[in-house]
Structures are given as structure tokens and as C-alpha cells.
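Colleague: no FASTA, just this:
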């Protein structure tokens, strides 16, 4: 009986020991699982952070390259402006281009750190400021050029207007001079033509028969004209014979209204604006013939007057 009891106690102790061993195994198993989970969590967090960092670095590089492209495009646009840049502006533009080249070289490396990217971003911001100032200066130059072009166009209009006014004044002055010249020209108030036969005693008598006429005597008075120049005036005479031909002696020419024409005879008279009478004697070198002779007198490049005589 006692032995049976002892065997039973031994069996219970054995099972108790086995239970303790199983508990220990479970504990270590749980500890191993926990350690494995902790390791996995550690590496997950580590590589996740590493991946995020790579993504951030890559994204930052792309954004910076885009910003640099925009800066360069704006610089190219401003460089295309037709404005004369000062040396300072040219130096600023060249400095920005050097900075852009340097940044592109830096961003071409794949092992940039956050610190290097931050430095690059600072440089990009500086370049933005430089381009903004450059754009402002170019805008000021463009506006100044616009003002200058407007002033130039206005001056051209004023010069053109002045030239037109000057041309108009010159034309008016020319017209006025022509009117003054015409108004100051000598004019005949009365003209009489008679045929004269010269006697052997030196005296002459009026004659109307052509074969007996030795000369034509042209008597005329000049209209008083305060505008006319006092002193010597050349007087030209044209004689048209009964056949309508101009009688000429030396093929001389004179000007009338801008045209050169021939005359039959010329002489000088002294004009004193006192109603004085004048006389011109003319002899036909071919001899007088029957018919009408027309006499035209000219002075100061215009017609003084005319008259006719009929010889029988």
C-alpha cells in the first residue's frame, strides 16, 4: 500500500517536471518570435526611412532642375529683349549663367546629401533674386526705350510738320515774291506809234504810207508805281510785221515768266516815278511794207504794254 502510494507520487512529480519543461519551451519560443518581430520592425522602419530619404532626395533634385530650367528660360527671354545693356547688367546676366552651369553639374551627382541639396536650393533662390533684379532693370530699359521712341516719333512729327510749314511758307513767299515782282513791274499807261519820214533838213514828219516811212516812233508813258525800283530799267521791244513774223536784228534773247524769247530791239530808260514820257525809234532793216505792225514792250520780265500801227 505504501509502495503504491510512493509510485503515484513519483508519477505526479514526473508530470510536473515535464510541464515545467514545456512552459520553458513556450517561453523561449515566444521570446524568439518577439525578437524576430522586433528585428523585422527595425529593418522595416530602417529601410522605409531610407526609401523615403531617397525619394525625397530624388524629388528635390527634379524640382530643383525644373526651377533651374525656368530660371534659364526667363534669362533667355530677357536676353532676347532689344535693349542696350549696361556693363553691370551684362555682368549680372553672365554671373547667373555661370551659376546655372555650376548647379547643373552639382545636381548631376547621385550621392547628394540633404545638406548639399539645401545649399543648392539656397543658390537657386539667389539666382531667382538675380534674375528678378535683371528682369526689373530690363523692364526699366524697355520702358525708357519706349519713352525715347515716343519722343523721337513726336520730334519727327514736329520736324515733318515744321518742314511742311516751311515748305508752305517758302511757297507762299515765292508766290508773294512773284506778286511783288509783278506789282513792282513797270506798266505803260499810254502808247502811241507813228510812222516818220525823215527830211533832208533833219526834221521828220508823220507818214502813213509804208514806202515813205523811214522809222517808227513809239511814244509811251509809264504808270506811277511806288513799288517799282527807281533807276535804270531795261526795255525790250518785239515787232511783229504784217506777215506775222518777228523782226530781229541780232537774235538776242530775254526772259519773260521763266521763258527765253527773242526780241527785236532793246534799250534802257530811267524810271523816276514822276509820269515821265519816253520814246523809242525803230527802223526796219528790211524796209517797211504795207499792213499792220504790232509793237510789244517788256520790262522787269513781264509785258509793259502793246499797240499797233497800220501802214498803207
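Modeller: In hand now; what should we look at? What you see is a predicted model, and the numbers here were worked out from it, not measured in a lab.
Colleague: packing partners for the helix or strand hosting residue 145?
Modeller: Assessed by DSSP states H and E, residue 145 sits inside helix 114-184. Here helix 114-184 is seen to pack against helix 2-79, helix 87-107 when contacts are counted using 3 or more CB pairs under 8 Å, 6 or more residues apart in numbering; DSSP states H and E. Just so you know, the C-beta spots here come from the backbone N, C-alpha and C atoms, and that holds for glycine as well.
Colleague: worst average pLDDT in those helices?
Modeller: Among the helices and strands packed on helix 114-184, helix 2-79 carries the lowest mean pLDDT, at a mean of 60.
Colleague: neighbours of residue 66, just the number please.
Modeller: Using other CB atoms under 10 Å, residue 66 has 10 other residues around it.
Colleague: And for residue 267?
Modeller: Number of residues near residue 267 (other CB under 10 Å) recorded here: 14.
Colleague: Report the separation between residue 67 and residue 92.
Modeller: Residue 67 is 19 Å from residue 92, where distance means CB to CB, to the nearest Å.
Colleague: hang on, I meant residue 196
Modeller: With distances taken as CB to CB, residue 196 is found 102 Å from residue 92.
Colleague: Check residue 197 too.
Modeller: From residue 197 to residue 92 the distance is 108 Å (CB to CB).
Colleague: Just the pLDDT for residue 198.
Modeller: 84.
Colleague: ok, what's across the strand from it?
Modeller: Beta-bridge pairing for residue 198 (DSSP bridges): residue 204.
Colleague: Isn't it up against residue 206?
Modeller: No. Applying CB atoms under 8 Å as the test, residue 198 and residue 206 come out as separate, 11.5 Å apart.
Colleague: neighbour-wise, which of these two wins?
Modeller: Between residue 198 and residue 206, counting by other CB under 10 Å, residue 198 is the more crowded of the two (14 against 10).
Colleague: so what's the more buried one up against?
Modeller: Shown in contact with residue 198 (CB atoms under 8 Å, 6 or more residues apart in numbering): 204, 214, 215.
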